[in-house]
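Colleague: One predicted model, sequence on top.
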Amino acid sequence: MSSLATAPAAALQGLLRARELGIVLALAALVAYTAAGNPRFLSGQSIRDILLNTAILAVMAAGQAVVVITRNIDLSVGSVLAVSAFGVATLMSANPSLPIVVALLAGLAVGAACGLLNGVLVRYGRVPALVVTLGTLYIYRGVTYSWAGGQQVNADELPPHFLRFANDSILGVPWLVLIAVVVIGGVSLMMRNYRLGREMYAMGSSPQAAELAGIRVARNTIGAFLLSGALAGLAGVLFAARFGTVDAAAGTGYELNVVAAVVVGGVAVFGGSGTVWGAGLGALLLTVIGSALAVLDINQFWQQAIVGALIVLAIGADRLVAVRIAGSLRKRDSHV
Amino acid sequence: MTALLEVVDVTRSFGAVAAVQGVSFPLLAGEAHALVGENGAGKSTIVKMLAGVHRPDTGTLRVRGADVEFTGPADAKAAGIAVIYQEPMLFPDLSVAENIAMGNQPLTRLRQIDRRARHANAERLFGRLGVHLDPDRPARGLSIADQQIVEIAKALSSDARILVMDEPTAALTAVEVDRLFAVVRSLRDEGAAIMFISHRFEEVTALCQRVTILRDGRHVCTEEVAGLSVDDMIRRMVGRDLSALFPKQDVTPGDVVLEVDGLGRAGVFADVSFQVRAGEIVALAGLVGAGRSEVMQAVFGVDRYDTGAVRLFGRPLPPRSPRAAMTAGMALVPEDRRQQGLVMDLSIERNVTLPRARKLSRLGLLWGGRERREAGTWTRRLQTKLGRLSDSVGTLSGGNQQKVVLAKWLATSPKLLIVDEPTRGIDVGTKAEVHRLMSSLAADGLAIVMVSSELPEVLGMADRVVVLREGRVTAQLTRAEATEESVMYAAMGRPVTAP
Ligand SMILES: Nc1ncnc2c1ncn2[C@@H]1O[C@H](COP(=O)(O)OP(=O)(O)OP(=O)(O)O)[C@@H](O)[C@H]1O
Ligand SMILES: [Mg+2]
């Protein structure tokens, strides 16, 4: 093979990577502009807040990205966060001596159970994920409301070591951020370099071909939802530790932010392409936009409009790139 | 020789359609075994049972003497059966190399995917097949022929002892077919068993030792190929005598309909010029990748071109506008019919009448009666095997789907018809019918451009043959000049050596 043959492929990969690059550039521009207007934006405390807020969103986005890559969607993550956050807060207030690890594991387990139910319903109920998870969005939320019965867990009921966890750092990196980075890194690695991840891309790219290739579609679909649920559960623990006060309305509407982060981060809505770390960048971008607008004292309304415009832009860019690539590949003779 | 695989009295129905009824045959180690029959005879249904996609209603499959029951494609794979499906099944977002490796990815010691090994493996397989495909490009946008080559590479990569190939050659030209056969022969000599399906009998006689003939889902016979003539095979398959090819009748050509003048597109084709007159059939010949389909897509306006012009009846056509081309009287039957020609979930009648919905409508509404009558006429002319016109197209056999696409465009009564592989996947009987139809349309003054990989079809049907090689016209041959040697010489740029 000559270099001629690899040139279009390289150009193509460049195009695909351009998405992540585009986000980084947008981020840089946004930060520079905001900091110019208000230097406090770059203060240690401000950056720390942004990173802590990103952490929770990014953990959920990692799971959501996997689900979307398999050509599904998980709308229940906000409610799963609430079940987990309220459950773990109740657990910790009742047993103040429990170590942090137990709280994290409990959150993961609660979320995994919710995700498992989603996955089983999608796969064996033969109902589209959109419908199933819209249903469980209300079910999990309803369960939390009836469990909480109007009560909330306050910060003073929670053990101090649990609350400190949200603010403590290790080597200058807050625990929450560290957890988010580990999650994004780990899931990215799985999707990029392991058989399971590649099979998930294949399933999203062509469900029919995946069945014929003997891929264990049922196991993998359920696995994707399980992961998304478990990570939403983990996010619930981080939420409880960070905010201290937890009621049944925790995380209402988060699912839309998570899906927005994933889409803005370059994961194709119809599955098969995009990266997990791109979704993480998407989460960071959305959070930075939120803080920047607050710092610049711009109306809340504009924040929503800008996020909306970004989503449209992201999807538009996807279509454009897809059409261009398909066209250029069809015409570019693949034979050398 | 031992039987690697046995099909024993197998039956499979879809609703009221009995697709396969009581078929038995063994597949021996070290043989290439052909499976032939008309469109809808049940060949692909048998393939899908061997692949674990469908389960037999009754009867059994035996692998190496042991009864097996496949619950899915993974089981069949595990039993050492590799399958090439009639319609390529690739993952458009993944690279070609990953498509080949999927389900069988090479791993490093840390159980990560070994990209380097995967790439090398793809290169090795393409080398063996003698094709130059970039393993790193995504599968999206590959031509049908290239998709088929990737499917072949995928099947070869699994080192299966039983290789089932459902019309792997339908989109390939003689040169790629020869290379494929060389590979298959060496596998066969190493003791693998190969099941081969094709509507081209010269391929069956060239490759296979034995043949199983099906008619309407029933087993007709399993015999040595050497003892059968092509006519014998066709007779048993169709149940009556049939002339295999239908040469075009001579027509005095009329005015120039299409003029392609110096058409070029950087890196794809250059300086392509030819004319088509009313009543003429012009064939575009060349190897896979020579740019035949690309030229015609540009002429029709689906793709862009950088230089040159296209004129219809002397008037220039705007580039990149299929709509203008259609209004001016052009019709294009695309190569990739499944993706570009059919809506799988819609009914057969709706698909046939789709491009003319406006003409058939009264008061802006579609009325079932006219639609059904039109669809009925054309599907009957093309001998489409179907249950009801209201069934969805997805339930038809591969060849019958092709016929629906042809019917759809023939029914638009165009002035210039471009057909890309008019008889891909179509059985002998209907092939003759399609040829007869094209010939009579030409006699009525229609101008036809045909892209075909099948040399006998090109030689039998074309008034003139335009041969492309690497995107350039290397010869324009009249019917008298066009022979197997002259076309192949122009297509390859060197004399053909006997295989
Ligand atoms: N999923 C399905 N649902 C309903 N009918 C089907 C289905 N699959 C196949 N059939 C019917 O079964 C019959 C046999 O089809 P099959 O695909 O096996 O034919 P084939 O011999 O492969 O034909 P071809 O040469 O056109 O590929 C056809 O009448 C077809 O309409
Ligand atoms: Mg078939």
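Modeller: Everything's here; your move. Computed from a predicted model, the values in this text were never measured in an experiment. Ligands and ions are numbered 1, 2, ... in the order given.
Colleague: What residues does the one residue in chain A that gets nearest to ligand 1 make contact with?
Modeller: At 12.3 Å from ligand 1, A:Q208 is the closest residue in chain A, using Cβ to the nearest ligand atom. C-beta coordinates here come from the backbone N, C-alpha and C atoms, glycine included. Taking Cβ atoms under 8 Å, 6 or more residues apart in numbering or on different chains as the criterion, A:Q208 is in contact with B:M89.
Colleague: Show me the shaky parts of chain B.
Modeller: For chain B, the stretches flagged by pLDDT under 70 are B:1, B:240-246, B:338-341, B:355-371, B:495-499.
Colleague: Around ligand 1, pick out the residues from it.
Modeller: For chain B, the contact set with ligand 1 under Cβ under 6 Å from any ligand atom comprises B:14, B:17, B:19, B:37, B:39-45, B:86, B:385, B:395-400, B:427.
Colleague: what domains does the record give for chain B?
Modeller: Following automatic domain parsing, chain B resolves into domains at B:3-238, B:256-491.
Colleague: Can you get me a residue count around the residue of the stretch 151-300 of chain B found nearest chain A?
Modeller: Among all residues of the stretch 151-300 of chain B, B:G289 sits closest to chain A, at 3.7 Å; criterion: Cβ to the nearest Cβ. B:G289 has 25 neighbours, counted by other Cβ atoms under 10 Å in any protein chain shown.
Colleague: same question, A:A65
Modeller: Neighbour count of A:A65, defined by other Cβ under 10 Å: 33.
Colleague: and residue 253, backbone torsions?
Modeller: As the question left the chain open, I've gone with chain A. Reported as degrees, to the nearest 10, the phi and psi values for A:G253 are phi 80, psi 0.
Colleague: same thing with B:G264?
Modeller: Dihedral angles (degrees, to the nearest 10) for B:G264: phi -150, psi 150.
Colleague: Would you mind measuring from it to B:R388?
Modeller: 48 Å (Cβ to Cβ, to the nearest Å).
Colleague: More neighbours: these two, which one.
Modeller: Using other Cβ under 10 Å, the more surrounded residue of B:G264 and B:R388 is B:G264, with 18 against 9.
Colleague: List the residues that contact that one.
Modeller: Counting by Cβ under 8 Å, 6+ apart, B:G264 has contacts B:270-272, B:305-308.
Colleague: try it again with 10 Å
Modeller: B:G264 makes contacts with B:270-272, B:295, B:298, B:305-308, B:471-472, as judged by Cβ atoms under 10 Å, 6 or more residues apart in numbering or on different chains.
Colleague: If we check chain A, which of those are in contact?
Modeller: Taking Cβ under 10 Å from any Cβ of the partner chain as the test, chain A is in contact with B:298, B:305, B:471 out of those.
Colleague: just these now: which is nearest B:A432?
Modeller: B:A298 (31.3 Å; Cβ to Cβ).
Colleague: wait, doesn't the closest one sit right on B:P319?
Modeller: Yes. Using Cβ atoms under 10 Å, B:A298 is in contact with B:P319, at 7.9 Å.
Colleague: Help me confirm that A:V173 comes into contact with A:V181.
Modeller: Yes. With contact defined as Cβ under 10 Å, A:V173 counts as touching A:V181 (8.0 Å).
Colleague: Kindly confirm my reading that B:R424 forms part of a helix.
Modeller: No. The assignment for B:R424, made by DSSP: H, G, I helix; E, B strand; the rest coil, is coil rather than a helix.
Colleague: Checking the residue lying closest to it once chain neighbours are set aside next. Helix, strand or coil?
Modeller: Leaving aside its sequence neighbours, B:R424 sits nearest to B:A170 (Cβ to Cβ, 6 or more residues apart in numbering or on different chains; 5.0 Å). When classified by three-state DSSP, B:A170 comes out as coil.
Colleague: What of B:A325?
Modeller: Going by three-state DSSP: B:A325 is helix.
Colleague: How about B:A34?
Modeller: Counting by three-state DSSP, the backbone at B:A34 sits in strand.
Colleague: mind listing what it touches?
Modeller: Shown in contact with B:A34 (Cβ under 10 Å, 6+ apart): B:194-198, B:201, B:203-205, B:207-213, B:222, B:225, B:233.
Colleague: State the distance from it to B:T212.
Modeller: According to Cβ to Cβ, B:A34 and B:T212 sit 7 Å apart.
Colleague: same thing with B:S413?
Modeller: 41 Å.
Colleague: again with B:E203
Modeller: 15 Å.
Colleague: how about the helices in chain A?
Modeller: A:3-37, A:44-69, A:77-94, A:100-125, A:129-148, A:160-167, A:175-193, A:195-205, A:207-212, A:217-243, A:254-264, A:276-295, A:300-331 (DSSP state H).
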